[in-house]
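In: One predicted model, sequence on top.
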Amino acid sequence: MCKKVLVLSSSPRKGGNSDTLCDQFIKGAQESGNDVEKIYLRNKRINYCTGCGTCNLQKPCPQKDDAAEVIDKMVKADVIVLATPVYFYTMSAQMKTLIDRSCARYTEISNKDFYFIATMAETEANRIERTFESLRGFTDCLEGPREKGTIAAIGVWQKGEVSDKPYMQQAYEMGKAI
């Protein structure tokens, strides 16, 4: 069955390590017949949540930026991939900003399969769990989320370092298994 897959790449570097793993995931997902769209958050203008409370009144966010478009795609997707480089043991600011802005429609992001992809220079594997826990902080607020897999690519910092690592195959296989 063809699923609608949305890959959210929050790497500020074009062709960065987490972005490269997204491409491998996409390759596998497409080969399995899924409809895949990748959004580069670095190319979107997504402002910080201002805490105005308009969304608490069940009204659309008054900010006129790209957040509404991305969140609409999240609502319509069957599968969401959250991909981030790790900075100071947590997700990128680009990803966190999008998550914060989803407040107005988070109840509509329901019954989704989630995959997490994270890359970091640190070589101690347990350190990346903080990032996954932060992402789970988001999905735990949703109705019926299903965490289907994670890729914890450690020891990669410079652009392209992930290319000769087993994480590439892991990402491909994870996408293929959708």
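Out: Yes, it's here.
In: And residue 19, how close does it get to residue 1?
Out: To residue 1, residue 19 is 28 Å away according to Cβ to Cβ, to the nearest Å. Just so you know, the C-beta spots here come from the backbone N, C-alpha and C atoms, and that holds for glycine as well.
In: More neighbours: which of these two?
Out: residue 19 (24 against 6; other Cβ atoms under 10 Å).
In: ok, now which residue in the chain is the farthest from the centroid?
Out: Each residue of the chain has a distance to the centre, and by Cα atoms, centre = their mean the biggest one is for residue 57: 27.4 Å.
In: Would you report the backbone torsion angles of that one?
Out: The phi/psi pair for residue 57 (degrees, to the nearest 10) reads phi -90, psi 10.
In: How much space separates it from residue 168?
Out: 46 Å.
In: for residue 144, same thing?
Out: Going from residue 144 to residue 168 by Cβ to Cβ gives 31 Å.
In: And residue 150, by the same measure?
Out: The gap separating residue 150 from residue 168 is 15 Å, by Cβ to Cβ.
In: How about residue 76?
Out: From residue 76 across to residue 168, the span is 29 Å (Cβ to Cβ).
In: Of residue 144 and residue 168, which one has the most company?
Out: A count of neighbours by other Cβ under 10 Å puts residue 168 above the other of residue 144 and residue 168, at 19 against 10.
In: Strands of this structure, residue ranges please.
Out: 4-9, 35-40, 79-85, 113-120, 146-154 (DSSP state E).
In: Which one of the ones you listed lies nearest to residue 91?
Out: With Cβ to Cβ as the criterion, residue 91 lies closest to strand 79-85 of the strands of the chain, at 4.3 Å.
In: Show residues contacting that closest one.
Out: 3-13, 16-19, 21-22, 25, 29, 34, 74, 91-92, 94-95, 109, 112-120, 131, 135, 138, 148, 178 (Cβ atoms under 8 Å, 6 or more residues apart in numbering).
In: the inter-axis angle of it versus strand 146-154?
Out: Angle, strand 79-85 to strand 146-154, by axes from the mean of the first three to the mean of the last three Cα atoms, to 10 degrees: 20 degrees.
In: Just the pLDDT for the residue nearest the centre of the chain.
Out: Closest to where the C-alpha atoms of the chain average out (Cα atoms, centre = their mean) is residue 82, at 1.3 Å. Looking at residue 82, its pLDDT is 98.
In: What separation is there between it and residue 99?
Out: Per Cβ to Cβ, residue 82 is found 8 Å from residue 99.
In: now do residue 157
Out: Per Cβ to Cβ, residue 157 is found 24 Å from residue 99.
In: Look at those two and report which has more neighbours.
Out: Neighbour comparison, residue 157 and residue 99: the larger count goes to residue 99, with 22 against 12 (by other Cβ under 10 Å).
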